[in-house]
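Enquirer: what shape does this take:
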Amino acid sequence: MAKHKNKTLATALAFLLGGVGAHRFYLRGGVDRLGLLHLCCLPATGLVYGLGRAPNPFWVLLPLIVSCLAGFVEALVIGLTPDERWDARHNAASNRSSHSNWPLALLLVLTMLVGTTILIATLSRLFDLLYTGGAYG
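Expert: Numbers count the residues shown, from 1 in each chain. This next block holds a predicted model:
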């Protein structure tokens, strides 16, 4: 019997640790290519920091920020998937069925709140650096 994949746990992993691909490893195992791509953002951030040529700390964190934003989008996609489709895709061999309830709804609202805040802050800082050279901070 295959292990049952919990949709709320997968959404929480995408929300909290989506920047390093924890939800991808939970759902697809340790050799998922997109999960490894998420995980590569940490060495990329360290490489940019180690080179020491970034005039602004924003550029150092940009690979990690982009990976986290992708994790927020994936949290929304996972959380908004209907239970029947979720079970058909991830729990086909399991005898249990998924029943989403209010913790998933709260997690989705929190994902929208935090994800859009980070997206707007990232875009505003990016445009500030690109168009004014960081004149506003």
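
Enquirer: name the residues of the helix or strand of the chain with the lowest mean pLDDT that are buried.
Expert: Every helix and strand of the chain was ranked by mean pLDDT, DSSP states H and E. The lowest is helix 41-51, at a mean of 84. Buried positions in helix 41-51, judged by neighbour count with 16 or more other Cβ atoms under 10 Å: 41, 45, 48. (C-beta placed from N, C-alpha, C; glycine too.)

Enquirer: quick check, the last one in contact with residue 57.
Expert: If I follow you right, that is residue 48. No: between residue 48 and residue 57 there is no contact under Cβ atoms under 8 Å: 10.1 Å.

Enquirer: so for the longest helix along the chain, mean pLDDT?
Expert: Longest helix in the chain by number of residues (criterion: DSSP state H): helix 102-132. Mean pLDDT, helix 102-132: 95.

Enquirer: remind me what that helix packs against, helices and strands.
Expert: Using 3 or more Cβ pairs under 8 Å, 6 or more residues apart in numbering; DSSP states H and E, the elements in contact with helix 102-132 are helix 7-17, helix 57-80.

Enquirer: next, the angle helix 102-132 makes with the last one.
Expert: Orientation check (axes from the mean of the first three to the mean of the last three Cα atoms, to 10 degrees): helix 57-80 against helix 102-132 gives 150 degrees.

Enquirer: now what about helix 57-80, what contacts it?
Expert: 7-8, 10-11, 14-15, 17-21, 23-24, 38, 41-42, 44-45, 48-49, 54, 100, 104, 107-108, 111-112, 114-115, 118-119, 122, 125-126, 129 (Cβ atoms under 8 Å, 6 or more residues apart in numbering).

Enquirer: with adjacent residues omitted, what lies nearest to the residue nearest to the spatial centre of the chain?
Expert: With distances taken as Cα atoms, centre = their mean, residue 71 lies nearest the centre of the chain, 1.1 Å away. Distance criterion Cβ to Cβ, 6 or more residues apart in numbering; nearest residue to residue 71, sequence neighbours excluded, is residue 18 at 1.7 Å.

Enquirer: thank you, goodbye.
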